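In: sequence first, predicted model second:
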Amino acid sequence: MLKQRIITALLMLPVVLCGFFLLDGGPFALFIGAVVTVGAWEWARLAGFAGQAQRVAYAAAVAALLYGLYRAPGLAPWLLGAAVLWWLLATLLVLTYPASSRYWGGLPGKLLIGLLILLPAWQGLVLLKQWPQANLLIIAVMVLVWGADIGAYFAGKTFGKRKLAPRVSPGKSWEGLYGGLLASLLITAAVGLQQGWQGQDLALALAGAALVVLISVVGDLTESMFKRQSGIKDSSNLLPGHGGVLDRIDSLTAAVPVFAVLLWLAGWGAL
């Protein structure tokens, strides 16, 4: 398993790095759209579509919606606003699972939830790419999420005793959450001090980082919740040793739109 994970990571890393940091404009939107479309194909399975034709049709519908969003950039504020509301609701659904499953709305509701997860993530990345210091912004949100994941892993493995959401993801602990949050805040503080941030600016940056990390955990738990309800371990087997695309980007689907909204509120870029 470890060998598979390493080989897959080595093969995918150049593609991911080139796609994220060497592409701009339409090609970048197309690259991210391809990733999101594969994620949609996987989500259709979690929603209850067993047949390939149905899953491909849902993925094609998502691709069409992405094209429509690219052609109508004025919809971005509404889409990101809907994402913020969704992730607040998702927090409640995770905290009250399995009782909350009655409110998902069956197959139509789960397909709609897939749109609320995937479309804003694409939109957030497209916006970040258009704003000042675009690549650094994308690196920043990734480092926050990955730093929190690493901190959570080691803190949870060393100190983890109290289960965070035992009915959703039994392996996660409150101690892991605190460790991940601490790691992300230390990263943010180090960058802020290096950049000369002080007082209110540094405090806002730390608060924003904490919010992004906490919502990224909700993104992770949300996919775990739907996988558990569906009796599925991985969203697919597309990435040997890693599961599916959704398994790799679940945290980012929540973190990216919230990160973009926070930057917009801070006056970083225009929606």
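Out: Nice, thanks for sending it over.

In: can you give me the helices for the stretch 1-150 of the chain?
Out: Secondary structure of the stretch 1-150 of the chain (DSSP state H, counting those that start in this stretch): helices located at 2-21, 25-47, 52-71, 76-95, 106-130, 134-159.

In: does anything pack onto the third one? Which helices or strands?
Out: Contact partners of helix 52-71 among helices and strands, from 3 or more C-beta pairs under 8 Å, 6 or more residues apart in numbering; DSSP states H and E: helix 25-47, helix 106-130. Quick note: C-beta positions are derived from backbone N, CA and C, even for glycine.

In: any idea of the mean pLDDT for that helix?
Out: Helix 52-71 shows a mean pLDDT of 97.

In: tell me where the stretch 151-271 of the chain has strands.
Out: 163-165, 169-173 (DSSP state E, counting those that start in this stretch).

In: quick one: the longest one to helix 134-159, angle?
Out: Which is strand 169-173. Strand 169-173 runs at 90 degrees relative to helix 134-159, counting by axes from the mean of the first three to the mean of the last three C-alpha atoms, to 10 degrees.

In: re earlier: would you turn the helices of the stretch 1-150 of the chain into CSV with mean neighbour count and distance to residue 225?
Out: Below are the helices of the stretch 1-150 of the chain laid out as CSV (neighbours: other C-beta atoms under 10 Å; distance: least, C-beta to C-beta, whole Å):
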stretch, mean neighbour count, distance to residue 225
helix 2-21, 12, 24
helix 25-47, 21, 10
helix 52-71, 16, 19
helix 76-95, 17, 6
helix 106-130, 21, 10
helix 134-159, 18, 18
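
In: and of those, who's closest to residue 224?
Out: With respect to residue 224, and counting by C-beta to C-beta, the nearest of those is helix 76-95 at 8.5 Å.

In: can you give the contact residues for the closest one?
Out: Contacts of helix 76-95 with the rest of the structure, by C-beta atoms under 8 Å, 6 or more residues apart in numbering, involve 69, 100, 103-104, 113, 116-117, 119-121, 123-124, 127, 165, 168, 215, 218-219, 221-222, 225, 254, 257-258, 260-261, 264, 271.

In: from residue 182, how far off is the closest residue to residue 225 other than its chain neighbours?
Out: Leaving aside its sequence neighbours, residue 225 sits nearest to residue 168 (C-beta to C-beta, 6 or more residues apart in numbering; 4.8 Å). Taking C-beta to C-beta, to the nearest Å as the measure, residue 168 and residue 182 are separated by 22 Å.

In: show me which of those two is the more surrounded one.
Out: Using other C-beta atoms under 10 Å, the more surrounded residue of residue 168 and residue 182 is residue 168, with 23 against 17.
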